[in-house]
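>>> I would like to see how this sequence folds:
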Amino acid sequence: MAVDIFTSRAMMSALRQEKKAGQFILDLLFKRVETSDTEFVDIDIIKGKRRIAPFVSPRVEGKLVEDQGFTTNTYKPAYIKPKFATDASSLIENRTAGEVIYNGKTPAQRGAEVLAQELADAEDMIARREEWMAVQSLVTGTVDVVGEGINQNIDFQMDANHIITLSGGDLWSDTTNSSPLTKIKAWSRLIRKDSGINPNVLIGGAGAIDSLLAHPEIKDALDTRRIDLGMIDPQALPNGAVYYGTIKTTGTSIELYGYDEWYVDEAGTEQVMIPDDKVILTSTNADFRRHYGAIKDLKALYAAPRFVKSWEQEDPSARFVLVQSAPLPAPHQIDAVLTAKVI
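Predicted coordinates:
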């Protein structure tokens with residue numbers, strides 16, 4: 001519609017309908033951050049053994065004990081480098097969102113705003129990719145790094161017994177025959193047996209967590225006092241994350257979370273971050289880390305999660321902004337994770 005300059009008009013502040021990247025999984029589980037200026041990262045996958053001291057006579061020499069078990073794997077972190085370009089014409093000819101038509105901003109002011117927004121967009125994209133990598137490592141035990149000029153699979157060696165697929169009457173959608181508490185107890189014991197760690201969180205996709213909460217068995221066992229007493233404030237959780245309460249199994253308290261977060265894949269299709277039919281059972285006390293590898297840029301002489309640079313092109317006149325990162329969220333204690341398809 002053409003603008004009539006003789007009609008009274010008002011410009012409301014632009015509302016950017018951005019969908020900020022959620023990092024609930026990273027913030028809850030992958031709290032430890034390590035940076036490196038090397039191309040490869042060595043990760044110790046801990047698979048301990050419950051050793052018991054051997055009996056010997058006091059008159060014979062001590063018995064040698066084998067080393068505690070772990071394997072060291074070398075991984076090459078993924079590489080990410082979103083790039084933005086702005087030309088002078090766009091700053092002179094076009095107003096920014098929310099800018100008044102008359103007596104608006106100077107091209108320099110627009111340029112500063114555009115630069116700030118480009119950096120924010122780059123951070124958002126990288127954060128969402130890191131969250132996706134963390135979720136993939138927990139749901140499948142592997143991360144497929146596929147893109148232009150790269151095709152590799154990062155395998156954290158999740159045991160097949162920790163990837164569960166329920167069927168028939170065991171499905172949580174079958175409220176008559178299934179017993180979610182029985183399954184969670186058994187899975188908790190398996191995690192304790194294999195890792196020595198008590199699981200304390202269960203995170204579900206939308207369909208899985210809805211089926212769990214609707215199950216009569218869980219309705220009777222769910223404890224929401226931590227919400228009622230203000231120990232957990234649902235409003236303080238990241239977007240997409242919902243705390244529902246706590247259930248107790250064989251002396252262990254497990255907090256239930258739903259996680260509704262999406263991303264747009266390479267084909268342009270919006271996908272859920274955690275599959276709708278799956279749950280993740282794990283512990284916030286397990287050794288999960290965010291590794292960052294070397295930034296392959298001559299101007300990057302230090303290790304950092306992000307490296308930003310900007311430069312100008314003379315002819316045609318343009319400014320480029322590039323943000324680089326080499327992230328690798330890694331579950332070092334992979335036996336402290338179990339994923340299950342439950343509906």
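>>> Can you give me the buried ones in the helix or strand hosting residue 143?
Here residue 143 sits within strand 142-147, counting by DSSP states H and E. Buried residues in strand 142-147, counted by 16 or more other Cβ atoms under 10 Å: 143, 145. C-beta coordinates here come from the backbone N, C-alpha and C atoms, glycine included.
>>> what's next to that strand, contact-wise?
The contact list for strand 142-147 (Cβ atoms under 8 Å, 6 or more residues apart in numbering) reads 78, 133, 136-137, 151-156, 158, 266.
>>> Let me know the angle separating whichever helix or strand comes after that strand from strand 142-147.
On the C-terminal side of strand 142-147, the closest following helix or strand by DSSP H and E is strand 150-155. For strand 150-155 against strand 142-147, the angle by axes from the mean of the first three to the mean of the last three Cα atoms, to 10 degrees is 170 degrees.
>>> For strand 150-155, buried residues please.
residue 154.
>>> Max pairwise distance over the contacts of strand 142-147: which two?
In terms of Cβ to Cβ, the contacts of strand 142-147 reach their longest pairwise distance at 158 and 266, which sit 24.4 Å apart.
>>> Just to be sure, residue 247 is in a helix?
No: going by DSSP: H, G, I helix; E, B strand; the rest coil, the assignment for residue 247 is strand, not a helix.
>>> More neighbours: which of residue 158 and residue 266?
residue 158 (21 against 7; other Cβ atoms under 10 Å).
>>> got a pLDDT number for that one?
Looking at residue 158, its pLDDT is 94.
>>> how many neighbours does the spatially closest residue to residue 332 that is not a sequence neighbour have?
Residue nearest to residue 332 in three dimensions, not counting chain neighbours: residue 287, with 4.1 Å by Cβ to Cβ, 6 or more residues apart in numbering. Residue 287 has 17 neighbours, counted by other Cβ under 10 Å.
>>> Then the one 4 residues further on?
For residue 291, the number of neighbouring residues by other Cβ under 10 Å comes to 22.
>>> And the one 4 residues further on, by the same measure?
Neighbourhood size, residue 295 [other Cβ under 10 Å]: 23.
>>> How about the one 10 residues further on?
Using other Cβ under 10 Å, residue 305 has 16 neighbouring residues.
>>> Residue 43 now?
Neighbour tally, residue 43, other Cβ under 10 Å: 20.
>>> so what's the residue nearest to residue 310 when sequence neighbours are not counted up against?
Among residues not flanking residue 310 along the chain, residue 321 sits closest, at 4.8 Å (Cβ to Cβ, 6+ apart). By Cβ under 8 Å, 6+ apart, the contact list for residue 321 reads 83-86, 115, 118-119, 122, 308-310.
>>> For residue 221, state which of the contacts of strand 142-147 is nearest.
For those, the nearest to residue 221 is residue 158 (28.1 Å; Cβ to Cβ).
>>> Doesn't that closest one lie inside a strand?
No: according to three-state DSSP, residue 158 belongs to no strand; its state is coil.
>>> what about the closest residue to it other than its chain neighbours, neighbour count?
Once flanking residues are discounted, residue 158 sits nearest to residue 141: 2.6 Å by Cβ to Cβ, 6+ apart. Neighbour count for residue 141, taken as other Cβ under 10 Å: 20.
>>> isn't residue 141 right up against residue 161?
No: contact between residue 141 and residue 161 fails when scored by Cβ atoms under 8 Å: they sit 11.5 Å apart.
>>> ok, back up a step: ok, now which ones touch the residue nearest to residue 332?
Going by Cβ under 8 Å, 6+ apart, the list of residues near residue 287 reads 32, 46, 331-333, 336.
>>> Would you show me how to pick out the buried ones of those in PyMOL?
Selection of buried members from the contacts of residue 287 for PyMOL, criterion 16+ other Cβ under 10 Å:
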select buried, resi 46+331+332+333+336
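>>> Now pLDDT too, for the contacts of residue 287, in CSV please.
As requested, these are exported to CSV (pLDDT from 0 to 100):
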residue, pLDDT
32, 92
46, 63
331, 94
332, 91
333, 92
336, 96
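>>> any chance of the contacts of residue 287 in CSV, plus distance to residue 261 and secondary structure?
Conversion of the contacts of residue 287 to CSV gives the following (distance: Cβ to Cβ, whole Å; DSSP: H, G, I helix; E, B strand; the rest coil):
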residue, distance to residue 261, secondary structure
32, 22, strand
46, 28, strand
331, 19, strand
332, 24, coil
333, 24, coil
336, 22, helix
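>>> And the contacts of residue 287, which is closest to residue 224?
Nearest to residue 224, judged by Cβ to Cβ, of those is residue 336 at 25.9 Å.
>>> Quick check: phi and psi at the residue nearest to residue 332.
Main-chain torsions, residue 287, degrees, to the nearest 10: phi -90, psi 90.
>>> which stretches of the stretch 201-343 of the chain form strands?
201-204, 241-249, 252-259, 262-264, 270-272, 278-282, 288-292, 307-313, 318-324, 327-331, 338-341 (DSSP state E, counting those that start in this stretch).
>>> what's in contact with the first one?
Right, the one you point to is strand 201-204. By Cβ under 8 Å, 6+ apart, strand 201-204 touches 25, 28-29, 184, 212, 254-259, 274, 278-284, 342.
>>> at 6 Å instead, please
254-259, 279-281, 284 (Cβ atoms under 6 Å, 6 or more residues apart in numbering).
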